[in-house]
Every structure is written in structure tokens, then in C-alpha cells.
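*Asks:* no FASTA, just this:
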């Protein structure tokens with residue numbers, strides 16, 4: 001069974017969020033939560049909040065927490081806030097404040113690479 005959580009309008013640029021996302025992709029949910037607690041910065045805190053929410057949803061669906069893995073985690077661009085500041089000679093300098101979307105999917109099924117192992121055995 002899969003549990004999906006989406007966080008929208010996150011006030012952090014996707015470029016800053018992606019390294020933390022890549023760090024926990026494919027890990028056990030409990031292990032990823034411990035890793036994110038020890039990291040400093042805004043990105044791990046945002047991902048940790050989404051992960052805690054997904055784990056709580058899984059518990060309410062009567063799925064054991066220790067069996068959950070992060071099967072899919074995606075960081076994408078959100079809408080941009082367009083601001084600006086006046087500069088010399090009456091002109092205007094644009095400031096673009098980027099936002100992110102985070103989609104996290106937990107699964108209780110471990111997907112193995114049976115196809116890859118089977119191909120290696122056939123070649124031998």
C-alpha cells in the first residue's frame with residue numbers, strides 16, 4: 001500500500017531542496033527521519049515535517065512504521081513570487097522568489113531488482 005503526501009508553496013528554492021531529497025530517497029522511513037533530524041538547515045526540516053505526516057497517515061491506516069520505505073520523493077518548481085526594487089534613473093530591478101513542491105510517497109512493499117538478477121544468470 002502506498003501513502004502519498006504533498007507539500008505545496010514551500011518558501012525554499014528547488015535547487016536548495018534537492019540535495020536533501022536525494023539524500024533520503026529509497027531509505028527506510030524510520031532511518032530517513034533520524035538522518036533528517038541530525039542535519040541542519042531549512043530543507044531537512046521541511047522534508048522531515050512531510051515525512052512525519054506521511055508516517056502518521058500510515059499509522060492511521062494500520063501499517064507498521066518499521067516496514068515503510070520512501071519509494072518516491074520528488075521536488076519540483078512551484079509558483080514564483082515576482083517582486084522588485086527601484087534602482088537608479090527610474091528603472092526597476094526584478095526579484096524572483098522561488099517556491100517548491102514536495103511529493104513524498106511511502107510504500108510498505110520492497111521492490112526488488114529481480115529482472116536484473118535474472119539477466120545476469122542467463123548470461124552466465
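*Replies:* Perfect, thanks for sending it. Just so it is clear, the model here is predicted, and its values are computed rather than measured.

*Asks:* by contact count, what packs against the lengthiest helix in the chain?
*Replies:* With secondary structure taken from DSSP state H, the chain has its longest helix at helix 42-60. If you count contacts as 3 or more Cβ pairs under 8 Å, 6 or more residues apart in numbering; DSSP states H and E, helix 42-60 packs onto strand 2-10, helix 14-24, helix 29-38, strand 100-107. In short, each C-beta sits where N, CA and C put it, glycine included.

*Asks:* now do the third one: everything it contacts.
*Replies:* What it means is helix 29-38. The contact list for helix 29-38 (Cβ atoms under 8 Å, 6 or more residues apart in numbering) reads 20, 23-24, 27, 44-45, 47-48, 51-52, 54-55, 65-66, 68-70, 106.

*Asks:* kindly recompute the last result at 10 Å.
*Replies:* Here helix 29-38 makes contact (Cβ atoms under 10 Å, 6 or more residues apart in numbering) with 3, 20, 23-28, 43-52, 54-55, 58, 65-71, 73, 104, 106-108.

*Asks:* any idea how far the nearest residue to residue 79 once chain neighbours are set aside is from residue 65?
*Replies:* Distances taken as Cβ to Cβ, 6 or more residues apart in numbering place residue 99 nearest to residue 79, at 5.7 Å, with adjacent residues excluded. Per Cβ to Cβ, to the nearest Å, residue 99 is found 30 Å from residue 65.
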